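Asks: can't give you the sequence, but here's the structure:
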Ligand SMILES: Cc1ncc(COP(=O)(O)O)c(C=O)c1O
């Protein structure tokens, strides 16, 4: 007899995991928006040192990391939420804020974990279509906010399309959201954004909007996806307290904490990585457009490319895989007919371009 699971378990969509982790070395892994840059040597050393004390539980106050982030961003540690990746904070936010009868609003296509928040809580998800240029339609999102809304997710730059809106538009949007509605501004890729311009630029919004949480991660530009560290810079302390209430106390390993504390010191390296990524982004976008592909204007480390007029992205994804290039099918991300390709090394980007061919 099979196990009888809760109704919510049956509702939760299976996360579209990227394939290819078992394919060996000669594969261009361009499906998960990871960094091509590995952790710096002192970061590895900090993690190694922490592992030496692994007989102890990690510090459940996470004070060293909260202090490091507090110094970097000028936000008191009490308003810094942490998570095992920013996914953990998103899911915990859903658990803390949502329940049957409540609503959450987000754009679609957007980050593929967002629908899980509704399914897990029984809240109603309102998915607002993107505009024709694949950017967020903030006006349409505002129109969907009702008395039942508890949470709005704004992904800027947006995954999977890479498009970003200027902060003035985000600010004008926040001015019109009722103050009891939590807004998570998911800035996982903000460092790569020329539209936002500076990863510190959105922070002043926190002083104006206590209902705002700016969500960040060490998984992208910092190159620590495998260690799972995310953080939320909060407009008020209550968000941090609530997400800590709904989780186990030890959600970050000692190695993860130590690596993040060290990584945040190397902002020059972050800038170098951004410059390299922007150069690759410009080059690959121009090349694809010259070949006749429609490519969304990306502010991130990946591109959203239309590959099939009949919505059949599957054959293109399969053909790329046969040539050792893994990308994500748009149909798995809410955008049939598209692919999402992460920018890799120069060699990987060339391999992708020659494997894809002309439109
Ligand atoms: C928009 C966005 N937010 C959050 C995340 C979660 O990242 P992590 O859990 O690795 O911090 C991702 C990962 O791809 C993402 O694309």
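Replies: Now that the structure is in, tell me what you want to look at. Just so you know, these numbers come straight off a predicted model, no measurement behind them.
Asks: when you scan stretch 340-359, is anything in it near the ligand?
Replies: No: if you take CB under 6 Å from any ligand atom as the test, stretch 340-359 misses the ligand, and the best it gets is 9.8 Å. Backbone N, C-alpha and C define where each C-beta goes, glycine included.
Asks: do the same with stretch 52-71
Replies: No: applying CB under 6 Å from any ligand atom, one finds stretch 52-71 out of contact with the ligand, separated by at least 14.0 Å.
Asks: Ends of that stretch, what's the gap?
Replies: 27 Å (CA to CA, to the nearest Å).
Asks: Tell me the buried residues in that stretch?
Replies: If you call a residue buried by 16 or more other CB atoms under 10 Å, then stretch 52-71 has these buried ones: 58, 62, 65, 66, 68, 69, 70.
Asks: looking at the chain, which helix or strand is least sure?
Replies: Among the secondary structure pieces of the chain, namely its helices and strands, helix 7-11 has the lowest mean (mean pLDDT, DSSP states H and E), a mean of 87.
Asks: ok, then the element right after that helix?
Replies: Proceeding C-terminally, helix 7-11 gives way to strand 28-29 as the next helix or strand, assigned by DSSP states H and E.
Asks: Show residues contacting the helix or strand that comes right after that next one.
Replies: Counting by DSSP H and E, the next helix or strand C-terminal to strand 28-29 is helix 41-51. Surrounding helix 41-51, the residues in contact under the criterion CB atoms under 8 Å, 6 or more residues apart in numbering are 39, 224, 227, 253-259, 261-263, 266.
Asks: what do you get if the cut-off is 6 Å, keeping everything else the same?
Replies: Contacts made with helix 41-51 from outside it, assessed by CB atoms under 6 Å, 6 or more residues apart in numbering, are listed as 254, 255, 258, 259, 262, 263.
Asks: what does stretch 300-307 give?
Replies: For stretch 300-307, the external contacting residues (CB under 6 Å, 6+ apart) are 33, 157, 160-162, 189, 192, 277, 288, 293-296, 313, 316, 337-343.
Asks: try 7 Å this time
Replies: Contact partners of stretch 300-307, identified using CB atoms under 7 Å, 6 or more residues apart in numbering, comprise 33, 134, 157, 160-162, 189, 192, 220, 277, 284-285, 288, 293-296, 298, 313, 316, 337-343.
Asks: Does it reach the ligand?
Replies: No: with CB under 6 Å from any ligand atom as the measure, stretch 300-307 is seen stopping short of the ligand, the closest distance being 8.4 Å.
Asks: and the contacts of helix 41-51, which of them are in helices?
Replies: Using DSSP state H, the members of the contacts of helix 41-51 that fall within helices are 254, 255, 258, 259, 262, 263.
Asks: can I get those residues in JSON lines with distance to the ligand?
Replies: Shown next, in JSON lines, are those (distance: CB to the nearest ligand atom, whole Å):
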{"residue": "254", "distance to the ligand": "18"}
{"residue": "255", "distance to the ligand": "16"}
{"residue": "258", "distance to the ligand": "17"}
{"residue": "259", "distance to the ligand": "13"}
{"residue": "262", "distance to the ligand": "17"}
{"residue": "263", "distance to the ligand": "13"}
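Asks: Nice, that's everything, thank you.
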